[in-house]
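J.: Can you look at this prediction? I've put the sequence above it.
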Amino acid sequence: MHENEQAELITVIGDFLEMGHVENIMAMFKQDASLYALSGELLRDERFRVRMGMAVLFEELKGIRPQEVILAIPALLPVLVETTPWMRGEAVNLLAIIGTPEAVGHIRLLADDPDPQIREMVQDILALS
């Protein structure tokens, strides 16, 4: 996929999530597992409804395709080192939904995050693991 096509696809997915059309995006992810690679970019969207839509999407996909949601992990790792705390928090949240030992291992790395809310999220997630 070319950069322009990828950027357009990210925009379309984000717009659909903002409108609450999670089912449509879920159908796309079911059809094309390579879309998990866009997860990190979608979490960088400033629109809260897009990021919330990603969480809903992953909750649903985790229930029906747990073997596929792990495909998002490589795309989420760069978001864990963003300077913006809410971006790191969104990545931690999706990794927690994925919930595999690998995902939790990446969450554990943020136990000493400079942001107190991120540290609290990490502590809560690790306490449940």
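T.: Everything's here; your move. Just so you know, these numbers come straight off a predicted model, no measurement behind them.

J.: Any regions of this structure where pLDDT drops low?
T.: In the predicted model of the chain, residues 1 satisfy pLDDT under 70.

J.: which residues in it form helices?
T.: In the chain, the segments counted as helices under DSSP state H are 3-18, 22-31, 39-43, 48-64, 66-69, 73-76, 85-98, 101-108, 116-128.

J.: Next up, the contacts around the most centrally placed residue in the chain.
T.: Nearest to the mean C-alpha position of the chain, counting by C-alpha atoms, centre = their mean, stands residue 94 at 4.2 Å. By C-beta atoms under 8 Å, 6 or more residues apart in numbering, the contact set of residue 94 is 39, 43, 54-55, 58, 72, 76. Quick note: C-beta positions are derived from backbone N, CA and C, even for glycine.

J.: In CSV: those, plus distance to residue 116 and neighbour count.
T.: Supplementary listing: the contacts of residue 94 in CSV, determined by distance: C-beta to C-beta, whole Å; neighbours: other C-beta atoms under 10 Å:
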residue, distance to residue 116, neighbour count
39, 26, 25
43, 20, 25
54, 24, 25
55, 21, 16
58, 25, 22
72, 26, 28
76, 21, 21
